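S.K.: my questions are about this predicted structure, shown below with the sequence.
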Amino acid sequence: MKHVVAALLLAATAACGFQPVYAPVNGQYAESGLISVAPIEGRQGHMLRRALQEELAVGVPGLTEKVTLTVNLRSNLSRLALRPDGAASRSSIVATGS
């Protein structure tokens, strides 16, 4: 019964022109606002990009044309304390973006 209901809901959403918000359109992902953030390499870069997109989605006063923010991220990880099994229990990350 659950499978039938799920199939009917799926068919109904497909028939109404439903399209996911973050789906690519013409090979491009939708950006909100005038400021787009270029992809940043690595896991930390991905997290930084998402945070920047959230902060910059509302725009910047006086900005009237579309711009792209490009960030170079460098980080240094230092293990400060190690447990007896060799795993780090405390680390320091220093990141620099330009």
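M.R.: The structure has been received and is ready for your questions.

S.K.: with just CA atoms, put the helix or strand of the chain with the lowest mean pLDDT into CSV.
M.R.: Within the chain, no helix or strand scores below helix 2-15, which has a mean of 78 by mean pLDDT, DSSP states H and E. Taking only C-alpha atoms (Å, rounded to 0.1, in the frame of the first residue of the first chain), the coordinates of helix 2-15 have been written out as CSV:
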residue,chain,number,x,y,z
LYS,A,2,2.8,2.4,0.9
HIS,A,3,4.5,1.7,-2.5
VAL,A,4,1.3,2.5,-4.4
VAL,A,5,0.8,5.8,-2.5
ALA,A,6,4.4,6.8,-3.1
ALA,A,7,4.1,5.9,-6.8
LEU,A,8,1.0,8.0,-7.1
LEU,A,9,2.6,11.0,-5.4
LEU,A,10,5.6,10.7,-7.6
ALA,A,11,3.5,10.6,-10.7
ALA,A,12,1.5,13.6,-9.5
THR,A,13,4.6,15.7,-8.9
ALA,A,14,6.0,14.8,-12.3
ALA,A,15,2.8,15.7,-14.1
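
S.K.: could you point out which element follows it?
M.R.: Moving toward the C-terminus from helix 2-15, the next helix or strand (DSSP states H and E) is strand 35-37.

S.K.: ok, back up a step: chain center to the least confident helix or strand of the chain: distance?
M.R.: 30 Å (CA atoms, centre = their mean, to the nearest Å).
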